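Novice: Sharing a model that was predicted from the sequence below.
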Amino acid sequence: MTAAAVSPPPSRDPSSLSNPDEARVTHLSWDAVVDFGKRRFLANARYDVNIGSFPVLRLDSSGLDVQRVTVDGKPATFSMSVPDPKRPHLGSGLEIDLGGGGGGGGASVVNSDNDSDGRVVSVSIQYATSPDASASQWLPPSQTAGKKHPYVFSACFAIHARSILPCQDCPAVKFTYDARVTVPRWATAVMSAISKVDVASDVAVRDTDDDSRDDRLFEFAQTVPIPSYLFALAVGELSSIDVSPRCRVWSEPSMVDAVAYEFSQVEDFLVAAEEVTSLPYQWGRYDLLCLPPSFPYGGMENPCLTFVTPTLLAGDKSLADVVAHEAAHSWSGNLVTNQTWEHFWLNEGWTVFLERKIMSKVNGDGKYFDFAAIAGWADLADSVALLPEEYTKLVPDLGDGDPDDAFSSVPYEKGFNLLYALERLVGEEKFAGFVRAYFDRFKYSTVTTRGFVDYLELHFADDNVANAAIKEFDWETWLFKPGMPEIPNFDRTLSAECERLADAWISVDDGATAGGSLPELDIVDWPSKRKTCLLDSLIKKCQERKRPLSLKTVTGIKEAYSFHLSQNSEILFRFCILAVESGDFSVLPVVVRFITSQGRMKFVRPLYRALFQSAMGKELAVSTFIENRDFYHPIAAKMIATDLDEGVKKEKGYGSCGGAKLKDLITKPLIVGGILALTASISIALLRGKRR
Ligand SMILES: CC/C=C\C/C=C\C[C@@H](O)/C=C/C=C/C=C\[C@@H](O)CCCC(=O)O
Ligand SMILES: [Zn+2]
């Protein structure tokens, strides 16, 4: 299939009810009061809107209580559609009458570069958010490190911004913003923008020494246009430490030193990314906010202020590659943005590619690139094994589906491997030139898969060898075939020893080793990433042979390496999976503590699934989730409930529609009986362990 046949991007975004091709927002002025008591934002969103002759502005909205709308200062009529029960994730459409349409003879359609011959109107919307807004998590003091004050943070990715503000909630629309946020006097507000607060003196725009007031005001400006999913806010008791002239870390006071230590390389990551792309960092500041443990993602690339999970605080900087990933998004995703979510691989595949180039540079080890790619391949295989076939395609048809349901390692790792394949196709040096040209060509705008392929062809049009290879490249398979791509011949220099040790443990497990002698290799001084590689290899080999490790072998691994005590969340996660699948009762307290002390979906979803699927942990999975549901971010709670519901349906043989629900498993006697039985058996197992 030639590149030209790649399907054209959809003219409308299926995940939005807005109408940017008729009336397009270009700037937001947001004024908000943070009401911790009622868990809501009382806000006013004022938009500059480019309109042609179209008389209506339609915005995405979810759970917003819209109280008043004006157009150019005059009251305007508006209506809110009822959410479609078949597409509840879309929320409602807020339709605003612009009063007979735009200026005379304006362009009937506003083009994607925000140019139009229409006029600009000012639309102001006064509203309140719902306490159940899917983008926000309101934490009681008990869920914070300081235990004194509440905390709120947003997670708008991919289409949850509409629960915080009425907006054109689609990545094709980019707007600048300024904001003023009023918070209690004890609190600090941070946003995905440049703060106008003099953070050095920690003085808000309104002087905190004014005893007559019990609040203070923070002011922000984002002058680089962003898509709505990058609108972000966090408010809590925060401190900061500068780690370079343009980089600062934020967290609650008790953690800020540890956060500054863990992410001390962030300036190096930015410098490396600027070298790889030949494009200076465009966003001014690059700050990092380490959130409370319920944050549902490893990191979120909010411009000027990446959000990260505290599960990266391994104490040895071994998980800082996630920060390199989020920093790389300052180029791929934030500056060059996928036009719709079907093309999400352009955000994430490019970012993983840049992340691995950055880490290779910063580590001074070219072998790191393939070593990380091998680890990513394991993630990709896990996702492909779990997902509906459509979502294993690099460019899936999301149809009316919720992007949250389609999220997996596929756009990250299949996307990375497509770029890796192209780099090997044309040669590393030539591809490095393409990388620089691509980011320069598409900066500040959006791109689709066809746009990418067309530009790749254009870039190599005068290079006969590369051009011929690109034309012959199997685009149809790479872009639209479900399942795993062909595994490349990765350089296994750094992974070989880990894989050999995994083989040795599998031999022990198979009883193939004389006398069952255990592998002698002492790995206590291995870097964490190699221990992770060992565990990935063990998990992969168990999947290939369709049999978990025996309890005896898992116990041997536990006693040899103490992975169950690791401070590195990636190591702990993988060992818990192995141990649960092997029926190791003694690991259950470790698993329960792990999945109830942090809410990162990458860890909690697979562990809840593994527990539910294990003979020993089914009731424990359900009762633990029910008891801790409020700890998790709304998105995470929704996804874990879906996972367990799926498990219940499979368990009871129900079809995909309807049938058993989580609640069907929850009966008081069942929980009480299950927990009592479980507690007894864990105590016995622990007692046995002590006697040994
Ligand atoms: C083909 C999929 C199309 C759209 C999916 C887009 C967003 C899905 C939504 O669930 C948001 C995901 C947010 C991810 C944020 C950061 C990730 O890089 C975290 C990766 C996993 C981790 O490290 O915790
Ligand atoms: Zn990413």
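Specialist: Sure thing, it's come through. Numbers count the residues shown, from 1 in each chain. Ligands and ions are numbered 1, 2, ... in the order given.

Novice: Any chance you could note which residues of the stretch 351-500 of the chain sit beside ligand 2?
Specialist: Thr351 (CB under 5 Å from the ion). For glycine as for every other residue, the C-beta is placed from the backbone atoms N, C-alpha and C.

Novice: how about the strands in the stretch 351-500 of the chain?
Specialist: Per DSSP state E, counting those that start in this stretch, the stretch 351-500 of the chain carries strands over the ranges 445-447.

Novice: got the residues of it near ligand 1?
Specialist: For the stretch 351-500 of the chain, the contact set with ligand 1 under CB under 6 Å from any ligand atom comprises Pro396, Pro403, Asp404, Ala406, Phe407, Pro411.

Novice: what's the nearest residue to the first one if we skip its chain neighbours?
Specialist: Looking back up the chat, that one is Pro396. In this structure, Pro396 finds its nearest non-sequential neighbour in Glu390, 5.2 Å apart by CB to CB, 6 or more residues apart in numbering.

Novice: residues touching the one you found, list them.
Specialist: Glu390 sits next to Pro396, Asp397, Pro482 when contact means CB atoms under 8 Å, 6 or more residues apart in numbering.

Novice: please redo it, this time with the cut-off set to 10 Å
Specialist: By CB atoms under 10 Å, 6 or more residues apart in numbering, the contact set of Glu390 is Pro396, Asp397, Leu398, Gly399, Gly401, Ala406, Pro482.

Novice: correct me, but Phe344 touches Pro403?
Specialist: Yes. The criterion here is CB atoms under 10 Å, and Phe344 meets it with Pro403 at 7.7 Å.

Novice: list the residues that contact both of the two?
Specialist: Ala158, Pro396.

Novice: Just want to know which of the two has more residues nearby.
Specialist: For Phe344 versus Pro403, neighbours defined as other CB atoms under 10 Å are more numerous around Phe344 (24 against 20).

Novice: what does this protein put close to ligand 1?
Specialist: Counting by CB under 6 Å from any ligand atom, the chain sits next to ligand 1 at 157-158, 297-300, 341, 344, 396, 403-404, 406-407, 411, 600, 602.

Novice: and those residues, which of them are in helices?
Specialist: Phe344, Pro403, Asp404, Ala406, Lys602 (DSSP state H).

Novice: Columns pLDDT on top of the residues you listed, output as CSV?
Specialist: As requested, those are exported to CSV (pLDDT from 0 to 100):
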residue, pLDDT
Phe344, 98
Pro403, 95
Asp404, 93
Ala406, 95
Lys602, 97
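
Novice: Would you list the phi and psi of Ala128?
Specialist: phi -130, psi 150 (degrees, to the nearest 10).

Novice: ok, now which ones touch it?
Specialist: 32-33, 35, 38, 40-43, 63-67.

Novice: got it, and Leu458?
Specialist: Going by CB under 10 Å, 6+ apart, Leu458 touches Ala437, Arg441, Asn467.

Novice: Next, count neighbours for Val256.
Specialist: When neighbours are defined as other CB under 10 Å, Val256 has 17 of them.

Novice: my read is it is in a helix, agree?
Specialist: Yes. Under DSSP: H, G, I helix; E, B strand; the rest coil, Val256 sits within a helix.

Novice: what's the burial count for the residue lying closest to Arg246 once chain neighbours are set aside?
Specialist: Leaving aside its sequence neighbours, Arg246 sits nearest to Arg285 (CB to CB, 6+ apart; 5.4 Å). By other CB under 10 Å, the residues close to Arg285 number 16.

Novice: Touching, Arg285 and Arg248? I think so.
Specialist: Yes. Contact criterion CB under 10 Å: Arg285 and Arg248 qualify, at 7.2 Å.

Novice: what residues are up against the closest residue to ligand 1 within the stretch 501-650 of the chain?
Specialist: At 3.6 Å from ligand 1, Lys602 is the closest residue in the stretch 501-650 of the chain, using CB to the nearest ligand atom. Lys602 is in contact with Pro296, Tyr297, Gly298, Thr309, Thr311, Asp379, Ser409, Ser569, Glu570, Phe573, counting by CB under 10 Å, 6+ apart.

Novice: Try it again at 8 Å.
Specialist: Taking CB under 8 Å, 6+ apart, one finds Tyr297, Gly298, Phe573 in contact with Lys602.

Novice: quick one: it from Thr392, how far?
Specialist: Separation of Lys602 from Thr392 (CB to CB, to the nearest Å) stands at 18 Å.

Novice: quick one: least confident helix or strand in the protein?
Specialist: Across the helices and strands of the chain, mean confidence by mean pLDDT, DSSP states H and E is lowest for helix 668-691: a mean of 44.

Novice: circling back to that earlier point, which among the residues of the stretch 351-500 of the chain next to ligand 1 gets closest to Phe78?
Specialist: Pro403 (26.6 Å; CB to CB).

Novice: just checking, that closest one touches Ser15?
Specialist: Yes. In this structure, Pro403 is within contact of Ser15 by CB atoms under 8 Å, at 5.9 Å.

Novice: quick one, what contacts Ser537?
Specialist: Counted by CB under 8 Å, 6+ apart, Ser537 has contacts Ser495, Cys498, Glu499, Leu501, Ala502, Asp503.

Novice: swap that for Lys541, please
Specialist: Ala502, Asp503, Ile506.
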